[in-house]
Structures are given as C-alpha cells and as structure tokens.
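# Output the structure for:
(one chain, ligands or ions: 3)
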Amino acid sequence: KVSPSAAPERLPFCRVTEEDLAFFRKILPGRTIVDPDLVEPSNVDWLKSVRGSSEVLLRPQTTEEVSQILSYCNSRNLAVNPQGGNTGLVGGSVPVYDEIILSTSLMNKILNFDSISGVLTCQAGCVLENLSFYLEERDYIMPLDLGAKGSCQIGGNVATNAGGLRLLRYGSLHGTVLGLELVLADGQVLDCLSTLRKDNTGYDLKQLFIGSEGTLGVITAVSILCPRKPKSVNVVFLGCETFEQLLKTFQLCKGMLGEILSAFEFLDSECMRLLNTHLKLPNPISDCPFYIVIETSGSDPTHDAQKLHNFLEDAMTSSLVSDGTVATEEAKIKALWSLRERVTEALTHDGFTYKYDISLPVERIYQLVTDMRKHLGNQAKSVVGYGHVGDGNLHLNVTSPSKDPALLAAIEPFVYEWTASCRGSISAEHGLGLKKRNYIYYSKQSQAVALMGNIKAMLDPKGILNPYKTLPDNLKQ
Ligand code: FAD
Ligand code: 2HG
Ligand code: ZN
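Ligands and ions are numbered 1, 2, ... in the order given. You can find the predicted model right below:
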C-alpha cells in the first residue's frame, strides 16, 4: 500500500533539450536561467522541506512572453511550475522533478489605480508589501495582509486564495478580486481583467482560478478592490486563562467593537515560549495560557478609543482577560503584531515542523490541540496552536528535532480524521500543493473531486501545469 504522502512517480513529460533552451533564449534573452546556483533557490521551498531538480528558470516580463512559453511547452509536452514569491507552505511552489520553473518575479508593474473606486490593477509578480506601500501613499490599503508580505506576490496570493490577518474585516479574495488575466496551458490568453463590482454575464470564470494553485492557468494580472486607509488603528494584546474565556472575549468584542473590528487572532503559551527562545521577542504582558491580538480600524480616533475603552473595561471587570496592553502608535503596533506574525518563523528554529491548517467550528479549534498533545504524549518536541479565531482557522504545528516518520504516523491520519469528524477543512487557507493533495477526500466528496479532475483535463489536457499538485494521485493516472 502506497502512503498518501509518498512522492508521486514522475509522469512521462519530455526533458528539456538544447533546442528548447535555444527557443527560450530567443524569447527571453538574459532571462533564461540555467546556472545551477541561480536555479537552486527556486528548487527549494520556504520551509526547506521539499526540493525539486529543475534545470531551467524562466523569468518573463509580459503576458505575451508567458503565452509563448506555455504554447511552446504544451506542444513539446514539457511540464511547467508557476512560481511567485515561493513562500507557499504546502510544497506547491517548487518542482517535484525537472519541471521548468516559470517565475513571475519580473512581472512587477502596477498597471492602474483608480482613486475613486479604489480598484488596483497590477501584474501578478508585484510583491504584496510593495503594493501596500504604493496604496498607503494614496490613502488606501490592500484588503489582505500576511506575515510573508515582504516576499509573497499578489499572483501567488490569488493562486493560493490566501486568507491572512484581515480576512475577518475585508473578506476573501473571492470577493475582493474583481478581475484576472490568465494564460491557459496551451498559451491562450484569457482576459477576465474586469474592474467592475457587478458583472453577472454568464459564469464567473475567474473564481475557478482563485485557489487553483497554478494547476489551471498562469495568472498574469490582477485587479483588486482596495479599502480606504483607516484614520485610526489600535492594537490590543490580551492574556486569557482558558480558551473558553478567549471565545467569550471574542463574542464580547464582536458585540462591542462591531464595525471597527479588523482582526481577532490568537496564540498559545507554547508559541510565546518559542518567540522568546528562538527570536528573543519578549512577552509584553504577564504569562498566560492564551494570548489575543485584536485590531480595530476606523475613521474617528476619539470614537474608536471610547469603544475600545468600554470593551476593555467590560472584559477586565468580567475577568475574561487577566492582563493586556494597548498600542496606538505605529512602532508599538508593529511590535505587537510581530508576536503573531512571526510564530511561523520561530517554529523553523524549533526543529522539523509538521504543519496543519484546519478550519473548524470556532468553539472546537483548541480542542484539537489539546487532543493532539494527549495523543502524542512525549513523542513531539512542541505542539503549538495559533491562528485566525475570527475565521475559525487553527494553525496546529508539531515539531521534532529532525524528520520523524513514527511521529508523522502518530499525527496522520489522526488529525485528518478528527477534522473530518467535525466537517472541518484540512486546508483552510494554504491549499493542498504537493503535501496535502492525497488528503482532499477528508474534506471533499468524491464526486466533487472527480469534477475537479474533469475541469483540469478540459483546461490542461496534457497536464503540464504544476503536475503532482492539488489533485490526488489517483485522478491523474
Ligand atoms: P508561491 O509560494 O510562489 O506559490 C504558491 C502556489 O501558487 C504554487 O502552487 C504556485 O504554483 C502558484 N502560483 C504562484 N504564482 C502564480 C501565478 N502567477 N499563476 C498561477 N499560479 C501561481 N497564507 C495564508 O493564507 N495566510 C497567512 O496568514 C499566511 N501567512 C504566511 C506567513 C509566512 C511567514 C509564510 C512563509 C507563508 C504564509 N502563508 C499564508 C502562505 C501563503 O500561501 C503564501 O505566503 C502566499 O499566498 C503565496 O504567495 P507566493 O507569491 O509566495 O506564491
Ligand atoms: C499564519 O497565519 C500563516 O501565520 C502561517 O498562515 C501558519 O505556519 C503556519 O502554520
Ligand atoms: Zn494563517
């Protein structure tokens, strides 16, 4: 019996020849990279957990160049791995074998910004943080924010349907992305780059590509609806004794902060220990089992301060929270946010990390961490829980000094069965990539997976786009 996490077999794609390289060099002079030292970083994922053996990295600058590359690769039966900032966490962004890496890093032009509607149109390779800087100068912000903002690209965000820290307020990319330009596997350019809020003319095709992880087409441009920059931002860092109190604080917070609430995130004391130990980040409040990061964003500083004051008073007097600190100035806001955003980085210093990105009914999310700790006993080095409480999304991470097959066998399928028993999702926001592809059935009915297979076969009949990713192996035979 083959283990669901075993490496898939190489599919019969052609191998890159000198003639192929001559073609690529003609259309991408100086941007067809074959020097192994220069290709190497694109063969390894951010977590350094998976490694491909591609010998070719292509760096197009225009949609037309992407179209020429795919048209050629499709006719030659050469497999292609689209890559943005390579910050993906499920092994989807790097090749498995010798797939050609198509990087969007040089497709980094902002094409238009409409300051009346707030719609930004840009090439797919724009780095998320650069877009945020650009917008902030114009009194707008991006509707999404995540810890990888300094490297991840908007095309990669859309391809993974990244959630992040602001989803609670501004919703998912399925709502904020208004248009996409795509290149299909055979090189056809699909122009769905609308900037309209409303457009019910037929099927909304762009939705199919949001979260498709590079398996259905290459995203070359994005138009996205951006909110106005809030005039007042406050961040509160609180400590709670129990997860039940944390949930009650969430309830109270929704009721009392309502329209100005822009994030409600949590981390447990194990995360805090790793932040202290590995990143030397001090705890700004007294030690507690659970910590909450609340952000408010509004248009009137006095009004927001009053609301926050009332909320904190209620939370303290009803003993829901045991300690806390508030930040209104930018430097302190950033410092408090680092405690939440840098947990992933702290984990990389703790050892080999097994990552789980689970959606559950919010009242169940921490029970999975507690049950996992009991289940694993002393087999794991650390078992930590953190995530997006406001979205019912838990990040459960388990570390060990090095890769440990026995530990993995104890975690899986336990974690997936537990999740499926509550009708949760085994991938809330990171996608399936290479690592989770064979677990799709824990969250999707087999008819739905079969339909996904049909869509893939229709859009990419030769299967050249990001093979071995997202769809389970048994569909690809
Ligand atoms: P890559 O990693 O390069 O690619 C990811 C996938 O998209 C791959 O399958 C790739 O083939 C495909 N792809 C990339 N570009 C294109 C394109 N133009 N067209 C078609 N397919 C493409 N995720 C969250 O949802 N929320 C978070 O809060 C969050 N925080 C993170 C924090 C850290 C520190 C890190 C390292 C990652 C985090 N992530 C988070 C993971 C998240 O998926 C990525 O950070 C981001 O969305 C991926 O963008 P990227 O440009 O790096 O894409
Ligand atoms: C976050 O919310 C990211 O910080 C990363 O989605 C989660 O590393 C993880 O497990
Ligand atoms: Zn997350």
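# Give me the neighbour count for residue 312.
18 (other Cβ atoms under 10 Å). Any C-beta I mention is one placed from the backbone N, CA and C, and that applies to glycine too.
# list the buried ones in the helix or strand hosting it?
Element membership of residue 312, judged by DSSP states H and E, is helix 301-317. For helix 301-317, a neighbour-count test (16 or more other Cβ atoms under 10 Å) marks 304-305, 307-308, 311-312, 314-315 as buried.
# For it, name the packing helices and strands.
Here helix 301-317 touches strand 232-240, helix 243-257, strand 290-298, strand 323-327, going by 3 or more Cβ pairs under 8 Å, 6 or more residues apart in numbering; DSSP states H and E.
# Show the model's pLDDT score for residue 2.
Note for residue 2: predicted pLDDT of 64.
# Would you mind naming what in the chain lies close to ligand 1?
Of all the residues in the chain, those in contact range of ligand 1 (Cβ under 6 Å from any ligand atom) are 46, 81-89, 92-93, 104, 124, 146-148, 152-153, 155-157, 159-160, 162-164, 213-214, 218-219, 344, 429-430, 433, 466, 469.
# Check the gap between whichever residue of the stretch 101-250 of the chain sits closest to ligand 2 and residue 264 for me.
Residue nearest to ligand 2 within the stretch 101-250 of the chain (Cβ to the nearest ligand atom): residue 147, separated by 5.0 Å. Counting by Cβ to Cβ, to the nearest Å, the gap from residue 147 to residue 264 is 16 Å.
# Between those two, which has more neighbouring residues?
residue 264 (22 against 18).
# Now do the same contact list for the nearest residue to the more buried one once chain neighbours are set aside.
Using Cβ to Cβ, 6 or more residues apart in numbering and skipping residues adjacent in sequence, the residue nearest residue 264 is residue 390, 4.0 Å away. Taking Cβ atoms under 8 Å, 6 or more residues apart in numbering, we find residue 390 in contact with 167-168, 250, 261, 263-265.
# one step back: which ones among the residues of the chain next to ligand 1 map onto strands?
81-83, 218-219 (DSSP state E).
# in the helix or strand where residue 331 lies, what counts as buried?
Assigned by DSSP H and E, residue 331 belongs to helix 330-341. For helix 330-341, the neighbour count (16+ other Cβ under 10 Å) marks 333, 336-337, 339-341 as buried.
# likewise stretch 319-326?
Neighbour-count burial for stretch 319-326 [16+ other Cβ under 10 Å]: 320-324, 326.
# before we move on, the earlier item: double-check that the residue nearest to residue 264 belongs to a helix.
Yes: assessed by DSSP: H, G, I helix; E, B strand; the rest coil, residue 390 belongs to a helix.
# could I have stretch 455-470 exported to PDB, CA atoms only?
C-alpha atoms of stretch 455-470 as PDB (Å, rounded to 0.1, in the frame of the first residue of the first chain):
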ATOM      1  CA  ILE A 455     -12.100  20.700 -15.200                       C
ATOM      2  CA  LYS A 456      -8.300  20.100 -15.000                       C
ATOM      3  CA  ALA A 457      -8.500  17.800 -18.000                       C
ATOM      4  CA  MET A 458     -10.500  20.300 -20.000                       C
ATOM      5  CA  LEU A 459      -8.200  23.300 -19.300                       C
ATOM      6  CA  ASP A 460      -4.900  21.400 -19.300                       C
ATOM      7  CA  PRO A 461      -5.400  18.200 -21.300                       C
ATOM      8  CA  LYS A 462      -1.700  17.300 -21.200                       C
ATOM      9  CA  GLY A 463      -1.400  18.100 -17.500                       C
ATOM     10  CA  ILE A 464       1.700  20.200 -18.000                       C
ATOM     11  CA  LEU A 465       0.700  22.900 -15.400                       C
ATOM     12  CA  ASN A 466       2.100  22.200 -11.900                       C
ATOM     13  CA  PRO A 467       1.800  18.400 -12.100                       C
ATOM     14  CA  TYR A 468       1.600  16.400  -8.900                       C
ATOM     15  CA  LYS A 469      -0.100  19.300  -7.100                       C
ATOM     16  CA  THR A 470      -3.600  19.900  -5.600                       C
END
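# No more questions from me, cheers.
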